[in-house]
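**Q** got a sequence here, can you build the structure:
(one chain, ligands or ions: 2)
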Amino acid sequence: MTKERLTLLDTTLRDGAQTVGVDFSLDDKRQIATMLDELGIDYIEGGYPGANPLDTEFFATRPPLKARFAAFGMTRRQGRSVENDPGVAALLDCASDAVVLVAKTWDYQVRVALRSTEEDNLQAITQSVRAVVTRGKEAIVDCEHFFDGFKGNESYALACAQAAMEAGARWIVLCDTNGGSLPHEVERIVRAVTKHIPGDRLGVHAHDDTGQAVANSLAAVRAGARQIQGSLNGLGERCGNANLTTIIPTLLLKDEFGQNFEIGVSRETLQHLTRVSHALDELLNRAPNRHAPYVGASAFATKAGIHASAVLTDSRTYEHVPPESVGNRRRVLVSDQAGKSNIVAELTRLGVALDRDDPRLGRLLDEVKEKESQGYAYEGADASFYLLAKRLLGEAPHFFDVERYSVAVDRRFARSGGLEDAGAEAIVKLHVNGQSKISAAEGNGPINALDLALRKDLGDYQRYIDDVKLVDYRVRVFQGGTDAVTRVLVECADAKGERWSTVGVSANVIDASFEALIDAINYKLLRDGAR
Ligand SMILES: CC(=O)SCCNC(=O)CCNC(=O)[C@H](O)C(C)(C)COP(=O)(O)OP(=O)(O)OC[C@H]1O[C@@H](n2cnc3c(N)ncnc32)[C@H](O)[C@@H]1OP(=O)(O)O
Ligand SMILES: CC(=O)C(=O)O
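**A** Ligands and ions are numbered 1, 2, ... in the order given. Just a heads-up that it's a prediction; the model follows:
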């Protein structure tokens, strides 16, 4: 059976730029466009030339792309001709293959937001589309507020969409601009529109204000629309746009869509999806959403012991698709929800062989649960779990002893009252292979000073830790009040690019940090076979 082609238009660089907290640089835009292109997206909407210098520059220095490069802007303004509208001129003159024109299609918006007449808005649509087509570019019309407009005044919303089609627009895209529509409404309305406009000229642009942008986009496809607009990681105005990082694997891997449609993204490039999603977060300096469908670190993480036992027997028991299909991986977590299966799986991943019938396994599981009840959390501290296991198995040499440490915080104030200088000093006294070592260090804060002092002179073992860097530090205080317990998670990295995480727990944040730092060093010595 021949499959129908679905077209994807990515608006990460346009609607995504309207996300609170997102501020792309020119270089970010270039890198993101390249990633989208390599993925196999059909249209990349690069921004709004003429609206700001960055977007104008991005179009002036158009990146080389296989995808169609689309510029976004609005239909001509009231009281102006298309020839005399600088906004339209910027769209016509920029180096794009396609122009996406946003057009009002809700009569109420025409009156209130444009302060115009229904007739003038129809003419603006017709004239603007014609201008784009006459310039030899493809016209795509984003029918703003289409679903709300259709509910309020069906014939006017349809008249706007038809005006766009008759003027020569290749795609008429029905937008759920306020994001309040529900999947059954979208399906009903798109089906009604297909009686007037062929489905292979219809698209959908959904916002996520009820958390259903993905469902709404899929509902539109079920009803006949053949273009989906969305963004990577669901970036976009307010709650964001339809998340292409969810839609793409759904279209490829779920039978209803996969058996009936094809898209520009192949099963092979789909395996880069997790990397692309995280690369975007990295560019934006945002922590990836662990719970994101398909690409989140928890998307294929199994915490419950009963699930782990089954998933290790046959992964389909608790996985709706194989994690590798989207470039993700299975994680079986060690925590107070774990059973023996979780522990064996994590030990195997860490390269530690332990038989399921070995009585030490039960002792390790009990120890994990006891420590977790005190506040330790091993699901985010694999190196501390590794040390715990190795010590219980009697396979962890004792490298050094700490005799004492102290930390002082120093703050100096100017006569005017302002802060003049701030810093911290730490002293650590250790015993390494019979030698006493005392190290002092200054840092920009107490943990920094302590970390530097601890790693300054480890005698015979110093060469193993010279390249260690503390790359992440997180504190969580729980139980509240004066009995509060502090959990510190530390992530370290070395020159080989390896990363490992450790945990420390105490009523005192410095003690908890010190414990996590000590684990980090012991782990490195153990993994590198220090003698
Ligand atoms: C649903 C969406 O996400 S649409 C995405 C819109 N994206 C953006 O707005 C981001 C970039 N925008 C901008 O930089 C600026 O808004 C600009 C440069 C486009 C325009 O700036 P300004 O000229 O100051 O206008 P302003 O931002 O106040 O917008 C209101 C104007 O747009 C007009 N307008 C709004 N929508 C439309 C439309 N679909 N068709 C025609 N005109 C429109 C209004 O009538 C009003 O015109 P007026 O100034 O002649 O009264
Ligand atoms: C075009 C657009 O972004 C919208 O209507 O939501």
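**Q** ligand 2 contacts on the stretch 401-531 of the chain?
**A** By Cβ under 6 Å from any ligand atom, no residue of the stretch 401-531 of the chain approaches ligand 2. All C-beta atoms are positioned from the backbone trio N, CA, C, and that covers glycine.
**Q** most proximal residue of the stretch 401-531 of the chain with respect to ligand 1?
**A** Nearest to ligand 1 in the stretch 401-531 of the chain, going by Cβ to the nearest ligand atom, is D472, at a distance of 34.7 Å.
**Q** the closest residue to that residue other than its chain neighbours sits in which helix or strand?
**A** Nearest residue to D472, sequence neighbours excluded (Cβ to Cβ, 6 or more residues apart in numbering): E491, at 3.7 Å. Per DSSP states H and E: E491 is located in strand 485-493.
**Q** which strands and helices sit next to that strand?
**A** strand 469-478, strand 499-506, helix 509-527 (3 or more Cβ pairs under 8 Å, 6 or more residues apart in numbering; DSSP states H and E).
**Q** just to revisit the earlier point, for the residue nearest to D472, report the pLDDT, please.
**A** Here the pLDDT value assigned to E491 is 95.
**Q** that one: how many residues sit nearby?
**A** 19 (other Cβ atoms under 10 Å).
**Q** next: G264.
**A** So G264, with other Cβ under 10 Å, has 18 neighbours.
**Q** what do you get for G394?
**A** 7.
**Q** state the distance from it to ligand 1.
**A** Computed as Cβ to the nearest ligand atom, to the nearest Å, the G394 to ligand 1 distance reads 63 Å.
**Q** tell me the contacts of the residue lying closest to K340 once chain neighbours are set aside?
**A** Distances taken as Cβ to Cβ, 6+ apart put L361 closest to K340, at 5.5 Å, once the chain neighbours are dropped. Neighbouring residues of L361 by Cβ atoms under 8 Å, 6 or more residues apart in numbering: 340, 343-344, 354-355.
**Q** for ChimeraX, write a command that selects the buried ones of those residues.
**A** Provided next is the ChimeraX selection string for whichever of the contacts of L361 are buried by 16 or more other Cβ atoms under 10 Å:
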select :340,343,344,354
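**Q** for the contacts of L361, which one is nearest ligand 1?
**A** Looking across these and measuring by Cβ to the nearest ligand atom, the closest to ligand 1 is I343, at 49.8 Å.
**Q** now that closest one: closest residue in space, sequence neighbours ignored.
**A** Using Cβ to Cβ, 6+ apart, the closest residue to I343 is L365 (5.5 Å).
**Q** the helix or strand containing the one you found vs strand 499-506, what angle?
**A** Using DSSP H and E, L365 sits within helix 359-374. Put simply, helix 359-374 runs at 60 degrees to strand 499-506, going by axes from the mean of the first three to the mean of the last three Cα atoms, to 10 degrees.
**Q** now do helix 359-374: distance to the chain's middle.
**A** 34 Å (Cα atoms, centre = their mean, to the nearest Å).
**Q** following it, which helix or strand comes up?
**A** Following helix 359-374 in sequence, per DSSP H and E, is helix 382-392.
**Q** give the rounded mean pLDDT of that next one.
**A** Per-residue scores along helix 382-392 average to 96.
**Q** and for stretch 84-95?
**A** For stretch 84-95, mean pLDDT rounds to 98.
**Q** just checking, S439 touches D457?
**A** Yes: counting by Cβ atoms under 8 Å, S439 touches D457, with 4.9 Å between them.
**Q** can you list contacts of the helix or strand in which D281 is found?
**A** Element membership of D281 [criterion: DSSP H and E] is helix 273-284. Helix 273-284 is contacted from outside by 12, 22, 28, 31-32, 35, 39, 232-233, 235, 245, 248-249, 287-288, 292, 294-295, 326-328, using Cβ under 8 Å, 6+ apart.
**Q** do stretch 12-26 as well
**A** The contact list for stretch 12-26 (Cβ under 8 Å, 6+ apart) reads 29, 32-33, 36, 44-48, 54, 57-58, 61, 72, 100, 231-233, 235-237, 240-241, 244, 280, 284, 286.
**Q** and that stretch, how far apart are its ends?
**A** Using Cα to Cα, to the nearest Å, the gap from the first to the last residue of stretch 12-26 comes to 14 Å.
**Q** can you point out the buried residues in that stretch?
**A** Those would be 12-19, 22, 24, for stretch 12-26 by 16+ other Cβ under 10 Å.
**Q** now do the contacts for the residue of the stretch 101-250 of the chain found nearest ligand 1.
**A** In the stretch 101-250 of the chain, the residue that lies nearest ligand 1 is L114 (4.4 Å; Cβ to the nearest ligand atom). Contact partners of L114, counting by Cβ under 8 Å, 6+ apart, are 78, 104, 121.
**Q** 6 Å instead, please
**A** K104 (Cβ atoms under 6 Å, 6 or more residues apart in numbering).
**Q** give me the distance between it and D142.
**A** Distance of L114 to D142, given as Cβ to Cβ, to the nearest Å: 15 Å.
**Q** which parts of the chain sit against ligand 2?
**A** 15, 102, 142, 144, 175, 177, 205, 207.
**Q** determine which two of those are furthest apart.
**A** Spanning the widest gap among these are V102 and H207, at 13.3 Å by Cβ to Cβ.
**Q** if you count what's nearby, which of those two comes out ahead?
**A** Taking neighbours as other Cβ under 10 Å, V102 and H207 compare with H207 leading, 24 against 19.
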